[in-house]
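Chemist: what follows is a predicted structure for the sequence shown.
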Amino acid sequence: NTLSYAKNKSKRGGKKAGFGTPAKAESQAAKDAGARRRELRKTGILKIEGACAPATAAGLRAYVVDGVDKARRAVRASPDPAAESMRRFHATSEQPTRSFFKPRLDDAACHAGLSELLGADSKLGDLFALACGGDDASFYDYNALRTEPGCARQPVHWDTPFQQVPPLFTAFVALQTVTADMGATLFLPGTHVMCDGRKEFDSSKAGTGRRDSMLGGANARYALLEPGDVTIFDMRLLHCGRPNLLLGGQTRYFLNFTFCNPRADTSDLGHVPCIRAGYERRMTLRDARAELGLESHDGRLLGSWGWG
């Protein structure tokens, strides 16, 4: 099964609203945002169709591909390749089939695309604020996940252990069409809370008949995406990356944003930030949206956060 789209419902016809139109449009936008939040709270996963335009996604993909190439050359040229690789790819060696690239936030080449995804009145930015209880949520991850044909399947896992207050929400932004053969992410809806399936998972061991039986009976969903689509999920949710096949697969790029809820217990999240060092634990959603709201970008705000 695949994840269903989160689509807005609109009514056609009727009388024109005249001067009242803006207020009603805002009210409908708030209702739509609330519906998305309720679905995310219920299942732990939500798919948003067209969080950015396909052309925007294509431009961001070109930016990421170019950035990965430049970062690889920087690693090869560095006197300390392992340290430089960790700095740029979140790994001590640039992995051949799976790695994270840590792009800049203050680059004019990606500013418009990021504004469309996270800026004022964006579906994704508004949902992060609602899910984390406000725009004081900490900007925790910003990277581009790359997998290539031959990348192995991950075991089913959670990214942060269960606690009552959800601490981390992450979004994968598809930068091209993502098919099953390219390793579409598998999610187990509802396992972000202590349902029977989650209890069975946590109390069993990988590779045992008990764990396999639980997973075999799970209601799995696959994130098949088009350019600009987003999956946002509660990082307590059970999920895994499926294999990117040698035959039929192709290189896949996602932009990844994670925000941390400051109202949760952040003492042991089990997830190390994957973001440039100068941004780590120093920015909020409010900070990022303020920068992205600048009409002419010159890096004055995000450029002051550190390493770029």
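Modeler: Okay, I see it.
Chemist: helix or strand for the closest residue to Asp135 other than its chain neighbours, which one?
Modeler: Using CB to CB, 6 or more residues apart in numbering and skipping the chain neighbours, the partner closest in space to Asp135 is Arg286 (4.1 Å). In this view, the C-beta of every residue, glycine as well, is placed from N, C-alpha and C. Taking DSSP states H and E as the definition, Arg286 sits inside helix 285-292.
Chemist: for the residue most central in space within the chain, give the beta-bridge partners.
Modeler: Centroid-nearest residue in the chain: Ala171, 1.8 Å away (criterion: CA atoms, centre = their mean). Using DSSP bridges, the beta-bridge partners of Ala171 come out as Ile232, Phe257.
Chemist: would you agree it is in contact with Asp234?
Modeler: No - contact criterion CB atoms under 8 Å: Ala171 and Asp234 do not qualify, at 11.2 Å.
Chemist: what lines up beside whatever helix or strand Phe100 lives in in the sheet?
Modeler: If you go by DSSP H and E, Phe100 is part of strand 98-101. In its sheet, strand 98-101 lies beside strand 138-147 (antiparallel), with partners assigned from DSSP bridges.
Chemist: and the partner strand with helix 285-292, angle?
Modeler: Angle between the axes of strand 138-147 and helix 285-292 is 70 degrees (criterion: axes from the mean of the first three to the mean of the last three CA atoms, to 10 degrees).
Chemist: pLDDT averaged over strand 138-147 - what is it?
Modeler: The average of the pLDDT scores along strand 138-147 is 94.
Chemist: restricting to C-alpha, output that strand in PDB.
Modeler: Taking Å, rounded to 0.1, in the frame of the first residue of the first chain, the C-alpha atoms of strand 138-147 are listed here in PDB:
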ATOM      1  CA  SER A 138      14.900  23.900  17.300                       C
ATOM      2  CA  PHE A 139      16.200  23.500  13.700                       C
ATOM      3  CA  TYR A 140      17.800  20.000  14.300                       C
ATOM      4  CA  ASP A 141      18.600  18.500  10.800                       C
ATOM      5  CA  TYR A 142      19.100  20.000   7.400                       C
ATOM      6  CA  ASN A 143      20.700  17.700   4.900                       C
ATOM      7  CA  ALA A 144      20.200  16.000   1.500                       C
ATOM      8  CA  LEU A 145      20.000  12.200   1.800                       C
ATOM      9  CA  ARG A 146      21.400  10.400  -1.200                       C
ATOM     10  CA  THR A 147      21.000   6.700  -2.100                       C
END
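Chemist: circling back: buried ones in the helix holding Arg286?
Modeler: Of the residues in helix 285-292, Leu285, Asp287, Ala288, Arg289, Glu291, Leu292 count as buried by neighbour count, 16 or more other CB atoms under 10 Å.
Chemist: also stretch 102-119?
Modeler: Quick answer for stretch 102-119 (16+ other CB under 10 Å): 102-107, 110-119.
Chemist: quick check: mean pLDDT of that stretch?
Modeler: 87.
Chemist: give me the distance between it and the centre of its chain.
Modeler: On the basis of CA atoms, centre = their mean, to the nearest Å, stretch 102-119 sits 14 Å off its chain's mean C-alpha point.
Chemist: let the chain start at 10 from now.
Modeler: Done: numbering now begins at 10, and the last item shifts to stretch 111-128.
Chemist: CA atoms only: put that stretch into CSV for me.
Modeler: This file holds the C-alpha atoms of stretch 111-128, laid out as CSV (Å, rounded to 0.1, in the frame of the first residue of the first chain):
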residue,chain,number,x,y,z
LYS,A,111,25.0,19.1,4.5
PRO,A,112,24.1,22.1,2.4
ARG,A,113,24.2,25.8,3.3
LEU,A,114,21.1,27.7,4.2
ASP,A,115,22.4,31.1,3.1
ASP,A,116,23.0,30.3,-0.5
ALA,A,117,21.0,32.4,-3.0
ALA,A,118,20.8,29.4,-5.3
CYS,A,119,18.4,27.6,-2.9
HIS,A,120,16.8,30.5,-1.1
ALA,A,121,13.6,30.6,-3.2
GLY,A,122,13.1,26.9,-2.9
LEU,A,123,13.6,26.8,0.9
SER,A,124,11.2,29.8,1.2
GLU,A,125,8.5,27.9,-0.7
LEU,A,126,8.9,24.9,1.6
LEU,A,127,9.4,26.5,5.0
GLY,A,128,8.5,30.2,4.7
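Chemist: which stretches of the stretch 10-159 of the chain form helices?
Modeler: With helices called from DSSP state H, counting those that start in this stretch, the stretch 10-159 of the chain shows them at 30-52, 63-86, 90-98, 117-127, 132-140.
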